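> Pasting the sequence and the predicted model now:
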Amino acid sequence: MKTALITGVTGQDGSYLAELLIGKGYVVHGLIRRASTFNTHRLSNIFQDPHSDSPRLVLHYGDILDSDSTATLVHRIEPDEVYNLAAQSHVRVSFDMPVYTAEVAYVGALRLLEVLRNFSGRRPVRFYQASSSEMYGDTRGRLSETSPFRPRSPYAIAKVAAYWQTVNYREAYGLFAANGILFNHESPRRGETFVTRKITRGLAMILAGRERALYLGNLEARRDWGFAGDYVDAMWRILQADRPDDFVIATGASHSVRDWLRLCCDLVGLDPERIVSIDRRYFRPTEVDALEGDPSKAERLLGWKAQVRFERLAAMMLASDLGDFGVDPQRYPELAERLG
Ligand code: NAP
Ligand code: GDD
């Protein structure tokens, strides 16, 4: 039975990855931060599993910045695989908190790599770094593993540094250390302040009579949006490869924020012109205008392919948010049809 350690287990990806690994028979250890309220709501499916007879998910208090406690944990649980998903992951917020963002997203990754370099003398271990399409920033075209990075935010710059540190630990120390360069991926568990979820949740609140308007920033930005459930499968495959390597994970198709907004409004019969206002607060000092990935290396070498596409993703997220606000998704024929 394999053992995995996930940092960032309470986040969107951490929760899907924990489920995936448990389904494959792993014992999963997750690092969680102490909070003044419950922060494990995304993991409730796992805790509520009636078939669970032994603790397959074990949570440990810690912080990616506290390498002493991380080292103690790693030496105690002796993981086969470590997935580093912890980050201050909001690009807009990284302009307000650049140093903190760099400490968590870059120095945190470096501290963990150091812990694993020491530990790997005792036992082989595989390391996954959550790298990001944001690293490409201003680079245009279909982006692949060989495209240059031109980061445009404190978050992206921290991720570029962590990316190269991961490559360096692979080359300098022979550590099995790999980067997944993941393009945007969403789900009903997506943080509420990322644009896809902000829109689906905002529309649900309007339909439930809880809000009257939705305030958004730049509607022209384009992203390559996939489903988080598909993308955690890619993370796992990256660590099962014969040798450590770096992979772009994307759908290969991009759409604008305006496209997402229109599609979601169409699915529930709302007119975006009547409910959306543009608010300068949501613009970034430097924007990444367009990101579209070329996942052909992952398709060829990992046998991975995105399953859930744009329209299905929107329907899935809208239905979930409507349900949360007590509105039956079946009331909207176009949405019901997409849900199948
Ligand atoms: P998320 O929902 O924001 O989750 C981030 C996780 O990191 C949370 O569990 C958070 O804990 C944890 N964390 C933050 N600071 C920490 C610290 N100092 N010590 C320990 N844990 C800490 O992000 P996500 O969407 O799941 O993304 C997962 C990773 O992939 C992130 O590194 C992100 O930058 C990267 N990524 C995401 C995407 C995407 O489209 N989703 C694309 C490319 C790369 P709390 O719950 O306590 O806040
Ligand atoms: N968040 C947000 N809120 N974004 C908005 C809004 C708004 O009200 N209005 C327009 N946008 C635009 C942003 O300017 C950006 O161009 C685009 O929507 C997507 O923004 P986010 O959903 O916040 O995601 P992101 O692309 O900045 O970052 C996400 O994806 C990265 C991968 O490329 C995050 O998950 C990062 O952690 C991840 O690395």
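Ah, there it is. Residues are numbered from 1 along each chain as shown. Ligands and ions are numbered 1, 2, ... in the order given.

> pLDDT below threshold where in the stretch 1-150 of the chain?
Residue ranges of the stretch 1-150 of the chain with pLDDT under 70: 48-54.

> Tell me where the longest helix sits in the protein.
Across the chain, the helix with the greatest residue count (assigned by DSSP state H) is helix 154-173.

> Could you list every helix and strand in contact with whichever helix or strand comes after it?
The first helix or strand that comes after helix 154-173 along the chain, using DSSP states H and E, is strand 176-182. Applying 3 or more CB pairs under 8 Å, 6 or more residues apart in numbering; DSSP states H and E, we find strand 176-182 packed against strand 126-132, helix 154-173, helix 228-240, strand 246-249. Backbone N, C-alpha and C define where each C-beta goes, glycine included.

> Is any residue of strand 176-182 near ligand 1?
Yes. Shown here: strand 176-182 in contact with ligand 1 (CB under 6 Å from any ligand atom) through residue 182.

> Can you check what angle separates that strand from strand 126-132?
30 degrees (axes from the mean of the first three to the mean of the last three CA atoms, to 10 degrees).

> Sheet-wise, list the partners of strand 176-182 with their directions.
Next to strand 176-182 in the sheet, as set by DSSP bridges, lie strand 126-132 (parallel), strand 246-249 (parallel).

> So what's the gap between the longest helix of the chain and the chain middle?
Between the centre of helix 154-173 and the centre of its chain there are 18 Å (CA atoms, centre = their mean, to the nearest Å).

> what do you get for stretch 165-176?
Chain-centre distance of stretch 165-176: 23 Å, with CA atoms, centre = their mean.

> Mind giving me the packing neighbours of the longest helix of the chain?
Using 3+ CB pairs under 8 Å, 6+ apart, the elements in contact with helix 154-173 are helix 91-96, helix 98-102, helix 108-119, strand 126-132, strand 176-182.

> residues making contact with the last one?
Defining contact as CB atoms under 8 Å, 6 or more residues apart in numbering, one finds that strand 176-182 is touched by 113, 116, 124-133, 135, 145, 163, 166-167, 169-170, 231, 234-235, 238-239, 241, 243-250, 293.

> filter these down to the ones close to ligand 2.
Restricting these to those near ligand 2 by CB under 6 Å from any ligand atom leaves 132-133.

> just to revisit the earlier point, is there proximity between the longest helix of the chain and ligand 1?
No. Using CB under 6 Å from any ligand atom, helix 154-173 never reaches ligand 1; the gap is at least 6.7 Å.

> Check which residues of that helix are buried.
154-163, 165-167, 169-170 (16 or more other CB atoms under 10 Å).

> again with stretch 28-38
Using 16+ other CB under 10 Å as the test for burial, stretch 28-38 gives 28-32.

> can you check stretch 241-248 too?
Neighbour counts over stretch 241-248 (16+ other CB under 10 Å) mark 244-248 as buried.
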